[in-house]
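Provided below are the primary sequence and the corresponding predicted coordinates.
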Amino acid sequence: MTKLSVNINKIATIRNARGGDIPNVLSAAINCQRFGADGITVHPRPDERHIRYQDVIDIKPIITTEFNIEGNPTEKFIELVVSVKPNQVTLVPDAHDAITSNAGWNTVKHRDFLTYVVSVFKKEGIRVSIFVDPSSVFVENAAATGADRVELYTEPYASEFSTNAKKAVEPYIKAAETARKVGLGLNAGHDLNLDNLKYFKQNIPWLDEVSIGHALIADALYIGLENAIQMYKRQLSE
């Protein structure tokens, strides 16, 4: 069964736009869990424009489901993750001013750095996933760092899905097969939604986890958070 981790960054974005504490990020995390989410994902950025570092600290003790922290492994980020000790950390090569994640790691170029970072987290008993483009070479080099999983960056798949779904998913199948061959777990995320998620899962049935935020929270504005979570879970189970 592929797990659904709900990224609650957009809840924090709405809160921060007005100031104060509405909507409440901690309540959102608890409700996502209550409504069936298998995990909660947060992606704190240096400017704290959505999830704040304090949010990350506050969320960990109030949820019982899996907790995944994404981000660029700067010194401050590493310190945060080591102190919070989530179930999983996902390493993402975001520029400090990136609107959203827009590429995976070049695990060939950054292999030594990633090997060091992975070792720091694994010493703390934290599962490590590396965000990569759908490339067998990048997947193989991610495995060489000692990481436990890769997360495939799925924006290119989502962009091409409506015009040629078969072509769009092909590089992801190849990368996923490589991950399985080298013993890596497999996650996926970015722009997956109710239109394209089911097809992706059907073509890669051994997928461990998807992390979905923007599309799910947007759908929740119309159909409610509980309905949205359950609809996404059905896409993964059919």
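Nice, I can see it. Numbers count the residues shown, from 1 in each chain.

now for residue 233, how many residues are close by?
18 (other CB atoms under 10 Å). (C-beta placed from N, C-alpha, C; glycine too.)

so it makes contact with residue 32?
No - when contacts are counted by CB atoms under 8 Å, residue 233 is not listed as touching residue 32 (11.5 Å).

longest helix anywhere in the protein?
Secondary structure assigned by DSSP state H gives helix 165-181 as the longest helix of the chain.

just the residues contacting that one, thanks.
132, 134-136, 138-140, 143, 149-150, 152, 154, 156-161, 185-186, 188, 196, 199-200, 203-204, 206-207 (CB atoms under 8 Å, 6 or more residues apart in numbering).

so who does the residue sitting nearest the centre point of the chain touch?
Closest residue to the average C-alpha location of the chain: residue 211 at 4.1 Å, with CA atoms, centre = their mean. Contact partners of residue 211, counting by CB under 8 Å, 6+ apart, are 5-7, 39, 41, 68, 70, 90, 151, 187-189.

one step back: mind checking which of the contacts of helix 165-181 are buried?
Buried members of those, counted by 16 or more other CB atoms under 10 Å: 132, 134-136, 138-140, 143, 149-150, 152, 154, 156-158, 161, 185-186, 188, 196, 199-200, 203-204, 207.

would you map the helices across the protein?
9-18, 25-34, 53-59, 75-84, 111-123, 136-144, 155-161, 165-181, 197-203, 214-223, 225-237.

deepest in the core, which of these is it.
Most buried of the helices of the chain by mean neighbour count (mean count of other CB atoms under 10 Å) is helix 136-144; its value is a mean of 21.

and that helix, what does it pack onto?
Helix 136-144 sits against helix 111-123, strand 127-132, strand 149-153, helix 165-181, with contacts defined as 3 or more CB pairs under 8 Å, 6 or more residues apart in numbering; DSSP states H and E.
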